[in-house]
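Student: kindly return the folded structure for what I paste below:
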Amino acid sequence: MKNNFDFEVSGIEMNNNNRPSPGPRWATEQLSHPQTGITSSSKSNSTPIRVNGKVVGQVRGNVFYKVVVRRKHLYRNMDGYAFDVQSLEDAEKAGAKFVQLTEKDTHDKYRVPIASIYSNGKTLDYGFGKQICCSLNYWTRITKSSAVQLPLGV
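Tutor: Numbering: from 1, shown residues only. Here you go, the predicted model:
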């Protein structure tokens with residue numbers, strides 16, 4: 001098939017309006033990891049999760065993704081992270097079964113089932129709404145930061 005630029009377009013299906021079709025069926029399906037059950041949508045669809053109008057994370061597939069700064073957000077006396085209970089409930093309504101945190105300052109990533117946060121977490125309320133804090137002992141570290149100084153070339 002020729003287009004206005006006079007080169008061949010191959011391997012792309014065109015729809016009735018002479019525009020590329022959305023692609024093969026598998027490109028829009030939910031993909032699931034066979035051992036963990038974690039799904040990831042190959043589309044860039046995400047559901048923002050808000051607390052008091054502010055976006056605190058997003059749900060893609062069955063994972064609630066959230067970015068934190070360890071030095072600011074880690075509850076040191078519990079060695080864990082706290083979540084607004086409403087944000088976890090909203091994430092579950094959007095289909096999340098897991099939470100994945102990315103520490104912006106260390107680049108470490110952690111993942112835990114939401115059910116584990118509820119069963120192992122401790123509820124807190126410092127006047128900003130009900131929160132639940134879950135120790136990192138219950139999380140799985142997905143990546144470990146590798147801040148290694150590389151030698152200078154000679």
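Student: can you give the contact residues for stretch 60-69?
Tutor: Residues outside stretch 60-69 that contact it (Cβ atoms under 8 Å, 6 or more residues apart in numbering) are 30-31, 37-41, 45-47, 49, 56-59, 74, 81, 83, 87-88, 91, 94-105, 111, 114. (Glycine included, C-beta is placed from N, CA and C.)
Student: where does pLDDT dip in the chain?
Tutor: Within the chain, the ranges that satisfy pLDDT under 70 run 1-44, 144-154.
Student: which residue ranges of it form strands?
Tutor: Secondary structure of the chain (DSSP state E): strands located at 30-32, 39-41, 47-51, 54-60, 63-68, 80-84, 98-103, 109-113, 122-124, 131-135, 140-143.
Student: I'd like these written out as CSV, with mean neighbour count added.
Tutor: Listed next are the strands of the chain as CSV, based on neighbours: other Cβ atoms under 10 Å:
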stretch, mean neighbour count
strand 30-32, 12
strand 39-41, 16
strand 47-51, 16
strand 54-60, 17
strand 63-68, 20
strand 80-84, 22
strand 98-103, 21
strand 109-113, 19
strand 122-124, 13
strand 131-135, 20
strand 140-143, 12
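Student: find the nearest non-adjacent residue to N120, please.
Tutor: Y138 (4.8 Å; Cβ to Cβ, 6 or more residues apart in numbering).
Student: list the buried ones in the longest helix along the chain?
Tutor: Counting residues, the longest helix found in the chain (DSSP state H) is helix 85-93. Buried residues in helix 85-93, counted by 16 or more other Cβ atoms under 10 Å: V85, Q86, S87, L88, D90, A91, E92.
Student: keeping just the C-alphas, turn that helix into CSV.
Tutor: C-alpha atoms of helix 85-93 as CSV (Å, rounded to 0.1, in the frame of the first residue of the first chain):
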residue,chain,number,x,y,z
VAL,A,85,-6.3,3.7,54.3
GLN,A,86,-8.6,5.4,51.7
SER,A,87,-5.8,5.3,49.1
LEU,A,88,-5.5,1.5,49.6
GLU,A,89,-9.3,1.1,49.4
ASP,A,90,-9.4,3.2,46.2
ALA,A,91,-6.5,1.2,44.7
GLU,A,92,-8.4,-2.1,45.5
LYS,A,93,-11.5,-0.7,43.8
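Student: mind giving me the packing neighbours of it?
Tutor: In terms of contacts (3 or more Cβ pairs under 8 Å, 6 or more residues apart in numbering; DSSP states H and E), helix 85-93 is packed against strand 47-51, strand 54-60, strand 63-68, helix 114-120, strand 131-135.
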